[in-house]
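Asker: Okay, sequence plus prediction incoming.
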Amino acid sequence: MLCLRQVCVFRLRHFQARTLSSDLLLSQINSCTHEDEVFSLVGRNKTRLSEKHVGIALNVLWQLQKKRPLLLRTSDYVRNHSQFLTLCVLAENKVEHMEDETVVDTLYSILRLNVEDHDSLTEVLVTEAWKRLERQVLLSLPALSKFALCLYKQRRHFSPLIGKVAHIVDVKLDSIQDIRILSVLMISISDVISQSFRDRLLHKAEQLLEEKDEVHFNYAKRILQFLQNVKLRYHPLVEKCNKIFLRSASFLDIHSISLIFGLYEQLGFDNAEFRLMAKELLSETIDDYHDPETFAKLFFILGPMAGSKVRERLLGTAQHMAEEFSSHQVLVILKTMQKMKCRNSHLLKKMASILHKHLDNYHVLQLVKLTQCLVVLRCHNLELFAKLKMLLLGFLKSSVLPADTAAIIRVLAMLPSCQVEEIIIKKAAAVLPQCSLHHLNCIATALVKWNHYDQLHWQNSSELCAKLLQKLNDCGFQRLQKANNLNLLLEELTHVNGEWFEEVLIEETMAACQHLIDQITWTNVLQLSSFLIKTNHRCPSLLDRIASVTAENIDKIHPFEIYFILFLFSALNYDPPAKEEFFESCIQQITFNLSCFETHHLVLLGHVLAVAGYFPPVLIHKIFNVSFLSKLDAQLEVLPDTLKWRVHSRLMKLNRAVCLECPEFHIPWFHERYCQRVFRNSSNRINPLRQHVHRMLTEILGESNYARISALTPYCYEIDFECILDENKKPLFYMAQNIPLGDVKEIHLIYSIKDEGRNALPPGAQRIALEFLDSKAFSRNSRHLKGEPAMKKRHLEILGYRVVQIPHFEWNSMVLSTKGEQLEYLRKHLYGIQ
C-alpha cells in the first residue's frame, strides 16, 4: 500500500512539473516579439510541443506579420524557414487531437501566411474540420465564421462544405447577435443561398446594425461585399453602411476608401457626403502616395472629382509613373480616365505605349473593358488595336460562355476599321440559343453596326449576316414568349437597350410584361418602373398596376424607390385611376422621410413633383433655404459633371415652377443670369426648320418683323416663334431682328426679357407662342404629351400666351406634304380657326 502511494505521488509531481513547464512554454511563445524568437523556441523544444503549442505558435507568427504594414511583411521568409516546416509537420500529425477552435485558428493562420491551398497541411485541416461538422460536432459561432472565411479565401464558393456551413447558419441564425460574425458568414455563404435565405440574412443584418451604437467599418464593408456577391441593390442597408463609414472617417485609409468606392460603383450607389469626406482626407495627403499601388487608388478616387489643379497633378504623376504600373493598375487608370472624360493625349499615348507588355496578362473581360476604354478615349494607336483584335479573336475561338462571346463580339465592332470575319458569325450562331436578352442585344448591336458601315467584305457575308440577324430576332421572340417569371425577365432587361431592341423586341417585351402583370409586387415595382422610364413606353395596364401596388404597399417601399416610381408617372404625364390618392400617399411617405435623401436628390425630387403639378410646402421650403443651397453648392463640387449639370438645370426649373404656380410661397426668381448664360452658349439656335417656318409666317403675317424667332420669355423659356395679334387678329410689329436667313451659322440672337417686346400689350391683344414638338416630347408608342412639354405649356399660359403646339407627326405627315397645305395649317392654328 505504501509503495502504491509513493508511485502515485511521483506521477502526480511529474505531471505537475510537465504542466508548469508547458504553461511556461506557452507563455514564452505568446510573448515573442519577432518570428525568429518563435522559431528558436520551436527548434529547442520540438519534442515537447503539443498540438496546443503548435497552434499558438502558428497564430503568433501571423499576429506578428499582421502588425506590420502590408509592404513590410515577410511572409516568404516565414514560410521558407526550416522551423516553419517543422510546425507544419507537427500540426499535420497532431490534427486529430486539436480542439475545434485550434483546428480553425491553425487553418486561418497558415492561409494568412499565404500557404498554398493545395499544401498538405491545408488539406488535412480542411478535411478534419469537415469531418467534425459531418459528425454534428457544432463549432462555436466565432469558430464557424472563421472556418467559413477560410473556405471563402480558398475560393471554395460552391463546395458542399460551404453548403453545410450555410445549413448551420440557417438553423442558428436567430441566435447570432454579433454583426462581426454575421458579416463574415454572409459573404462566405453568399453563393449557395436561396432568395428567401438571402432576405432573412439582410433582415438580420439590418436588425443588428440598428441595435449597435458603434459598428466597425470592416463589418459594413463585408455587408456591401455580400450585396455585390448576390447582385442586389438594397438601398436601406447600403445607407446604414454609408453612415458607419462617415462616422469612421478618421479610421479610413486609402485602401479602405478605394474598396468602398469600388463597391458603391458595383451597387449603383453614390453619396456626395462620402465623396466630400474622401476628397478632404486624400487632398491633404496627396503627396504621400509615391508607390504605384496607392497612387492608382488615389487616381481612381480623386480623379473624377478633382479640381483643375489637382487633376493636372494627378495626370502628370500618372504619366511619370506609367512604366511602374502593373497590368491591373494600367486598367484602373484608363477606366478612371474614361470616367473623367479625360483625353489627355500625352498620358494616353504613354499608357498605349506600355500596354504591349501587359496585354497577355489580362483575362477576357478585362481585355474587353480595356479595348472599350481605348476606343472611348479616342486612342489612335493602330498597332495596339491590331494586337487587341488578334487577342480578342483568339479568346473568341476558345470561348464557350455566351456572356464572354457576346462581350467580345460587341467590343470587336467598336474597333476602328474592324471587318467582320467568318469566325465571328459562326461563334455567334453557335451560342444564340443559350443567350440572354442582354447577350442577344450585344451581338445584334455589333452586326447592325458592321452592316451599317458596309464592313461585310468576304463572300456571302451579307447573306449570312442577314440570316444570323433573323435567327437573333427569333431567339429574342422565343425567349420573351417563354418568359414565366417577371423577376428573371426584369433582371435580363436591366442592361438591354439600343436600336435593335427598340425596333424589334420592344412590343413583344411589353406583351410579356403584361402577360406577367399579376407578378408585379412591391419588391419589383422599382425595376419595372426603371425599365419603362428607359424605354419611354406608355403602357396603361402596367402603369395602373404599378400605381395600385405602390399605394397598397407604400410603407414597405423605400422613399428613394418611391422617387423613381413618381418620376415614371411625372415624365410620361400619366394619371392613374386614383391619381390624387396615389400621389398624396407617395408624397406623405416621402415628406416623412426627407432625411433619407441627399441634398441634390431633394432637388431632383422637387422637380419631378413640380412637373406633375405638386408642390409639398415642407419640401419647397427645405430646398429654397440659404443653408440648404450652400450645402448643395459644396456637394455639387464632387458630383460627376453630367449629374452636376442635371441638378443645376432641375433647380432652375423648380425655381421657375414655384414662382409661376405657387407665388404664395414668396420664393424669389434667382436664375436669370444662369438662364441667360445657358441661352447664350447653346448652339444651332436657328435650324433649317425654323428658317423654313419663319418664311411661311412672313407670308401669313405680311412681314418678317411680325414674328420673333427663338424668343426668350419671362422666366427664360425659349419658344420657337412669338407673335402678337391685336383684338382684330392683326399682327403687331416687332423691331427689326437682322436675321440673315440664308446662313444659319451667322445667326446669334439673344433677347433680354426686358427688351422692347415686353411692353404692355394694347387692350384685347394676345401673345402667341408657336412651338414645334419633336419625337422627344412624346412617349415612344403614344401621341400623348410628356410631362416636361406639358408643364411648359402650362407655364406659358400662366404668362399670358396662347400656346400653339405643332407635333412632328402632323407636320411631317402626308397631309401636309405641300407648301400650300403647310401654310393653311399654320394659318388655322395661328388664328385659332376651327
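Answerer: Good, I have the coordinates. None of the values given here were measured: they were computed from a predicted structure. Residues are numbered from 1 along each chain as shown.
Asker: now Ala352, nearest residue through space, not along the chain?
Answerer: In space, and not counting its chain neighbours, Ala352 is closest to Asn381: 4.3 Å by C-beta to C-beta, 6 or more residues apart in numbering. Backbone N, C-alpha and C define where each C-beta goes, glycine included.
Asker: how much space between Val411 and His558?
Answerer: Distance from Val411 to His558, counting by C-beta to C-beta, to the nearest Å: 35 Å.
Asker: Between these two, which has more neighbouring residues?
Answerer: Val411 (23 against 16; other C-beta atoms under 10 Å).
Asker: residues of stretch 760-772 that come out buried?
Answerer: Buried positions in stretch 760-772, judged by neighbour count with 16 or more other C-beta atoms under 10 Å: Gln766, Arg767, Ile768, Ala769, Leu770, Glu771, Phe772.
Asker: Quick check: Val803 is in a strand.
Answerer: Yes: checked against DSSP: H, G, I helix; E, B strand; the rest coil, Val803 lies within a strand.
Asker: hang on, it packs against Leu796?
Answerer: Yes: applying C-beta atoms under 8 Å as the test, Val803 and Leu796 come out as touching, 4.9 Å apart.
Asker: Can you tell me which of the buried residues of stretch 760-772 is nearest Asn361?
Answerer: When the buried residues of stretch 760-772 are compared for distance to Asn361 (C-beta to C-beta), Phe772 wins out at 54.8 Å.
Asker: Is that closest one in a helix, a strand, or coil?
Answerer: strand.
Asker: Assess the claim that it and Leu689 are in contact.
Answerer: Yes: at 6.5 Å, Phe772 and Leu689 qualify as touching, with contact defined as C-beta under 8 Å.
Asker: Val803 and Leu796: which is more packed in?
Answerer: Between Val803 and Leu796, Leu796 has the larger neighbour count (other C-beta under 10 Å), namely 22 against 18.
Asker: For the more buried one, which three-state class applies?
Answerer: Using three-state DSSP, the secondary structure recorded for Leu796 is helix.
Asker: same question, Ser710
Answerer: Under three-state DSSP, Ser710 comes out as strand.
Asker: Run a quick neighbour tally on it.
Answerer: Ser710, neighbours per other C-beta under 10 Å, totals 22.
Asker: I'd guess Cys723 is in a strand, am I close?
Answerer: Yes: using three-state DSSP, the assignment for Cys723 is a strand.
Asker: contacting residues around it?
Answerer: Leu697, Leu701, Tyr706, Ala707, Arg708, Pro731, Leu732, Arg767, Ile768, Leu770, Leu830 (C-beta atoms under 8 Å, 6 or more residues apart in numbering).
Asker: Restricted to strands, list those residues.
Answerer: Using DSSP state E, the members of these that fall in strands are Ala707, Arg708, Arg767, Ile768, Leu770.
Asker: Near the first one, how many other residues are there?
Answerer: In this case it means Ala707. 25.
Asker: so what's it up against?
Answerer: Taking C-beta under 8 Å, 6+ apart as the test, what Ala707 contacts is His694, Leu697, Thr698, Leu701, Phe721, Glu722, Cys723, Pro731, Tyr734, Leu770.
Asker: One more: the third one?
Answerer: With contacts taken as C-beta under 8 Å, 6+ apart, Arg767 has the following neighbours: Glu722, Cys723, Ile724, Leu761, Gly800, Tyr801, Arg802.
Asker: sorry, back to before: most widely separated two among the ones in strands among the contacts of Cys723?
Answerer: Those two in the ones in strands among the contacts of Cys723 that are separated most widely, counting by C-beta to C-beta, are Ala707 and Arg767, at 11.5 Å.
Asker: For the stretch 201-350 of the chain, just list every one of the helices.
Answerer: Applying DSSP state H, counting those that start in this stretch to the stretch 201-350 of the chain gives helices spanning 217-229, 235-247, 254-267, 272-284, 292-302, 308-321, 327-340, 345-355.
Asker: And the first one, how far out from the chain middle?
Answerer: Average the C-alpha atoms of helix 217-229, do the same for its chain, and the two points are 16 Å apart (C-alpha atoms, centre = their mean, to the nearest Å).
Asker: Can you check what angle separates it from helix 254-267?
Answerer: 30 degrees (axes from the mean of the first three to the mean of the last three C-alpha atoms, to 10 degrees).
Asker: Against which helices or strands is helix 217-229 packed?
Answerer: In terms of contacts (3 or more C-beta pairs under 8 Å, 6 or more residues apart in numbering; DSSP states H and E), helix 217-229 is packed against helix 179-188, helix 195-211, helix 235-247, helix 254-267.
Asker: I figured Lys556 hits Trp522, correct?
Answerer: Yes: judged on C-beta under 8 Å, Lys556 makes contact with Trp522 at a distance of 5.0 Å.
Asker: what about these two, which has more around it?
Answerer: More crowded of Lys556 and Trp522, by other C-beta under 10 Å: Trp522, with 15 against 11.
Asker: Phi and psi next, for Ile176.
Answerer: Here is the backbone geometry of Ile176 (degrees, to the nearest 10): phi -80, psi 120.
Asker: Tell me the helix or strand right after the helix or strand where Val608 lies.
Answerer: Val608 is part of helix 599-612, with elements assigned from DSSP states H and E. As assigned by DSSP H and E, the chain's next helix or strand after helix 599-612 is helix 617-623.
Asker: Give me the contacts around that following helix.
Answerer: Contacts of helix 617-623 (C-beta under 8 Å, 6+ apart): 590-591, 594, 602-603, 605-606, 609, 628-629, 651, 654, 658, 662, 665, 667.
Asker: same deal with stretch 412-429?
Answerer: For stretch 412-429, using C-beta under 8 Å, 6+ apart, the contacting residues are 371-372, 375, 382, 385, 388-389, 392-393, 396-397, 399, 405, 409, 443, 445-447, 449-450, 455-458, 461, 464-465, 468, 471.
Asker: quick one on the thing from earlier: neighbours of the residue nearest to Ala352, how many?
Answerer: Neighbours around Asn381, by other C-beta under 10 Å: 17.
Asker: Distance-wise, check it relative to Val678.
Answerer: Counting by C-beta to C-beta, the gap from Asn381 to Val678 is 38 Å.
Asker: ok, now Val60?
Answerer: The value you get for Val60 to Val678, if C-beta to C-beta is used, is 66 Å.
Asker: quick one, which of the two is more surrounded?
Answerer: Neighbour count, other C-beta under 10 Å: between Val60 and Val678, Val60 has more, with 20 against 16.
Asker: Can you classify that one as helix, strand or coil?
Answerer: helix.
Asker: Give me the nearest residue to Leu472, chain neighbours excluded.
Answerer: Ala444 (5.1 Å).
Asker: Please identify the helix or strand for that neighbour.
Answerer: Per DSSP H and E, Ala444 falls inside helix 437-452.
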